[in-house]
Every structure is written in C-alpha cells, then in structure tokens.
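Asks: Provided below are the primary sequence and the corresponding predicted coordinates.
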Amino acid sequence: MLFDRPIADSHVHIDRPFDEKKLAEMLEEMREIGVCDLAAQSLAAHFKYDIAQNLAVFALKRDCKDITVRAFASLHERDIYSDIPYEKQAEALLDMGADGFKFIQMKPDVRKHIGKGICHESYDKVLSLFEERGTPMTLHTADPDSFWDINRVNPNAVKRGWYYGDGSYLSYNEHYEEVFRMLDKHKRLNIILAHFFFLDENHEEAVRVMEKYPNVRFDLTPHPRMYQSFSKDPELWREFFIKYSDRIIFGTDSNNERESNKRIYQTVYYALTHSEKEFLMPAYYMQDMMKTLDLPEQVVDRITYKNYLSLVGESPAPLNESLIGIAAKRLLSDISGKGNEIIEKWIKEKFNL
C-alpha cells in the first residue's frame, strides 16, 4: 500500500464514455494506494449523455473485486425520466441497491438549467424519505467564489463554462441561502457537503455551519486552491479538523478519465499526515509548497476511514439484479436509435442484452 492505513474514498466518479480499460486502471491504482472502500457517485442529474450513470455505479458495485463499492445514485433532472417524481425515482433506486445519493443540482450551471434550488418544495418528499431511512447524500453547492470574478477565475474553469459572473447565474451567496433553507427544513439529513462546502477561505462560516447543523459533514475532495487555503493558517485549521474530526470525510473526485488520481490521493493524505512543515503538493492542477496539518493519528483514522463507515454502514445495501436488469432493458429501449451508440453498446455488454 502507498499509505500506512486503509482508505475509504467517499467521492469517486465513472466518467463517460464508460471506458472499461481506464476504469480497470483506476481501480488497480486505488488498490495499490490502499483504497478498500469507495462511494461511486452518479451524475445522472448533470448531463443528458450521462443518462446511464446510475446503471454504471450499480455495475461497478456488482463487478469490482477487492474494493467495496457503495452506489450513490442520482435523480434524473435533464432527460426522458425527469418527469418521474423525485421520491418515486429514489424509491426505485433504493430498491435496486443504492447506498446513497449524489446531488449535483446546486452546481451553478446545473442549478441555472434546472431553474429551481434544492429548497424547492418538489424535493421535500425525497429529502424526507432520506431522513426517514437515514440515507446518506453528497451535495455539491456553488463552486469557488473566484468563479464569479473575471479577474480571479481560473482560465481552465472559463474554458469549461464555469465562469458565473455574467449576470445569468445566481450569486455565490444565493446558492448557500438555498441550501441553508433546505437544511433548516430537513434537519435530520445525513449529508456530506462536497469540496469542504467551498469554505476553505472562510473559517468563521465553516465553524458556524458545523455548529448549527450537527448532521452535516464536509468532504476533503479538492478544488484548485483548497489546500493552499488550509496552508495559509495551518494551526487555525488544525484546531478545526481536530474539533470536528468525526465530521470530516476523505474524498478525491477520482475518475477513470483522469491521469492524476494518485497525485490527488497524495495531496489529500499528506496534508493530513505529513510531519514535515512543508512539502511540494503533487496535485495535477498545482505544483506548490504546502504547509501541513500534521494531525494526531486517531484523527487521521477517523477522517480516512471510520467517519465514512459510520455514515454508510459496515456492509453495502444488497443489489437487486433483477430490478437493475429491468431498468437496463428499459433504458436500452428508450434510447435506441437516438444517437447514443456508445451507451447502447455498453448496456448490451454489461447486462447481457
């Protein structure tokens, strides 16, 4: 193993177009690192051509050897199934074997397209269902605040359509206001706020969120400047990580289209554990000297593994392969002949159709 303890990664994706070779390479690299459990996060709500993402996370959960996989399904928002009430979608996915749910709905470009926030009444029944069942969910909210400022936004973000300062998107703060209204209505949600809720430059607000919402957890999935932010005042953030050590969860955003997954694992892990005062951050998007948090061993154990298990449980939900097969056959029929040849081929091969 690359690290000296087992790792549970709460935030992994299968990218299009379901490249099996790259997926196998990613999983083998994870085994070498020491990943023993992961949550595969579906993005069915994000892009029209990700309509088969829920099937993809179920297939990974079924087929993966040596790594336990939890399937975090996603509600359909932008495709032929988006008219099905959210709670009905969720019940069907839970019956198939979903372990949790991924919500990308509050990422600014998705929020703009959907035209309503997570606090909208149409989500109330499904969120209440999650409260009743204790179903965990991962929520992406906003993006770095620099993405609203043309003078500070990363050029790569602009190329990907992630500049939000043209007046057609909600403001950075408006995204948070909608999430807080949702959290105030659904206080019992077991919720992970991805990317440290993009509060790495706002320690005071991070503390306020932790104190007001006791079921909230932050994951450590990086964004381009997140670990530099911690590095600006490592003692301040070290105290935060220790105080809320049972509510911070390891994550990387690894996916099978990225060649830098190992470097991201190293960045997240070394930021927690490195005993040196500074080290060269190896992440793909930044080569920079970073100060470390140098956390106590028991805190690192909670963050890298134990907190995840306390959220998702010791054992994955059982898969109902009959129901999954019915869903695969239905999707194949619904998209056949409509320019989805790659997905059609993948479904046929994966589910013997």
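Replies: That came through, no problem. All values derive from a computational prediction rather than experimental measurement.
Asks: Helices of the stretch 101-250 of the chain, residue ranges please.
Replies: 108-114, 124-133, 155-159, 172-185, 203-212, 226-232, 234-243 (DSSP state H, counting those that start in this stretch).
Asks: okay, those, which one's buried deepest?
Replies: Most buried of those by mean neighbour count (mean count of other C-beta atoms under 10 Å) is helix 226-232; its value is a mean of 20. Where you see a C-beta, it was placed from the backbone N, CA and C, and this is true even at glycine.
Asks: Let's have the helices of the stretch 101-250 of the chain in a markdown table, adding mean pLDDT and distance to residue 36.
Replies: Putting these into a markdown table (pLDDT from 0 to 100; distance: least, C-beta to C-beta, whole Å) gives the following:
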| stretch | mean pLDDT | distance to residue 36 |
| --- | --- | --- |
| helix 108-114 | 95 | 31 |
| helix 124-133 | 98 | 25 |
| helix 155-159 | 88 | 32 |
| helix 172-185 | 98 | 31 |
| helix 203-212 | 98 | 27 |
| helix 226-232 | 88 | 24 |
| helix 234-243 | 96 | 22 |
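Asks: Including distance to residue 196, could those helices go into CSV?
Replies: Formatted as CSV, the helices of the stretch 101-250 of the chain follow (distance: least, C-beta to C-beta, whole Å):
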stretch, distance to residue 196
helix 108-114, 17
helix 124-133, 22
helix 155-159, 17
helix 172-185, 13
helix 203-212, 7
helix 226-232, 6
helix 234-243, 10
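Asks: These: which one's closest to residue 71?
Replies: The closest of the helices of the stretch 101-250 of the chain to residue 71 is helix 124-133. By C-beta to C-beta, the value is 15.0 Å.
Asks: Name the residues that touch the closest one?
Replies: 75, 85-87, 89-91, 94, 101, 135-137, 182, 185-186, 188-190 (C-beta atoms under 8 Å, 6 or more residues apart in numbering).
Asks: Buried ones from these, can you make that a PyMOL selection?
Replies: Listed next is the PyMOL selection for buried residues among the contacts of helix 124-133, using 16 or more other C-beta atoms under 10 Å:
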select buried, resi 75+86+87+89+90+94+101+135+136+137+182+186+189+190
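Asks: Inside strands: which ones of the contacts of helix 124-133?
Replies: 101, 136, 137, 190 (DSSP state E).
Asks: of these, closest to residue 45?
Replies: Closest to residue 45, out of all of the ones in strands among the contacts of helix 124-133 and judged by C-beta to C-beta, is residue 101, at 9.6 Å.
Asks: isn't the closest one right up against residue 70?
Replies: No: judged on C-beta atoms under 8 Å, residue 101 makes no contact with residue 70 at a distance of 11.0 Å.
Asks: Model confidence for the residue lying closest to residue 51 once chain neighbours are set aside, exactly?
Replies: Residue nearest to residue 51 in three dimensions, not counting chain neighbours: residue 79, with 4.8 Å by C-beta to C-beta, 6 or more residues apart in numbering. Model confidence at residue 79, given as pLDDT, is 89.
Asks: burial count for residue 120?
Replies: 14 (other C-beta atoms under 10 Å).
Asks: now residue 66
Replies: Residue 66, neighbours per other C-beta under 10 Å, totals 10.
Asks: now swap in the one 3 residues further on and tell me
Replies: Burial measure for residue 69: 21 neighbouring residues, criterion other C-beta under 10 Å.
Asks: Where do the strands of the stretch 1-150 of the chain begin and end?
Replies: With DSSP state E, counting those that start in this stretch as the definition, the stretch 1-150 of the chain shows strands at residue ranges 7-13, 35-41, 68-73, 100-106, 136-141.
Asks: do you know how far the closest residue to residue 199 other than its chain neighbours is from residue 330?
Replies: In this structure, residue 199 finds its nearest non-sequential neighbour in residue 206, 4.2 Å apart by C-beta to C-beta, 6+ apart. Distance, residue 206 to residue 330, using C-beta to C-beta, to the nearest Å: 43 Å.
Asks: what do you get for residue 150?
Replies: Per C-beta to C-beta, residue 150 is found 45 Å from residue 330.
Asks: just residue 313 next, same as before
Replies: In terms of C-beta to C-beta, residue 313 sits 29 Å off from residue 330.
Asks: Between these two, point out the one with more neighbours.
Replies: Set residue 313 next to residue 330 and count neighbours by other C-beta under 10 Å: residue 313 wins out with 14 against 11.
Asks: for that one, what are its contacts?
Replies: Shown here is residue 313, whose contacts under the criterion C-beta under 8 Å, 6+ apart are residue 99.
Asks: again, but for residue 119
Replies: Each residue near residue 119 by C-beta under 8 Å, 6+ apart is listed here: 178, 179, 181, 182, 185.
Asks: And it, how close does it get to residue 106?
Replies: Distance, residue 119 to residue 106, by C-beta to C-beta: 10 Å.
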